[in-house]
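Sequence first, then the predicted structure:
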Amino acid sequence: MSDNEVKPEDNEAIREVKRARARKEGAEGEKKPINWKAAPWIGIGSAAILGALIYANRNRGKDK
């Protein structure tokens, strides 16, 4: 009998616990490799957002 089968006596909380256990077991078994092609673009995007925020707030602090 599988843990994913829904029995009449199962309630919503028990089903959620079973789903969480299944997710945890699945996550422990599989580790995804790092996508090295996307990694530099994430850094470039972060720098662009930071630059945009600095540019947008450049005159805001001088009014005080």
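Here it is on my side, so go on.

low pLDDT regions in the protein?
1-10, 26-31, 61-64 (pLDDT under 70).

For this protein, just list every one of the helices.
For the chain, applying DSSP state H gives helices covering 12-29, 39-56.

Export the ones you listed to CSV and append columns for mean neighbour count.
(Glycine included, C-beta is placed from N, CA and C.) What follows is the helices of the chain, written out as CSV (neighbours: other Cβ atoms under 10 Å):
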stretch, mean neighbour count
helix 12-29, 11
helix 39-56, 10
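
residues in contact with A47?
Taking Cβ atoms under 8 Å, 6 or more residues apart in numbering as the definition of contact, A47 has no neighbours.

try I42
I42 sits next to no residue when contact means Cβ under 8 Å, 6+ apart.

separation between it and K24?
Distance, I42 to K24, using Cβ to Cβ, to the nearest Å: 27 Å.

what does I54 give?
The spacing between I54 and K24, counted by Cβ to Cβ, is 41 Å.

same thing with A38?
For A38, the distance to K24 under the criterion Cβ to Cβ works out to 26 Å.
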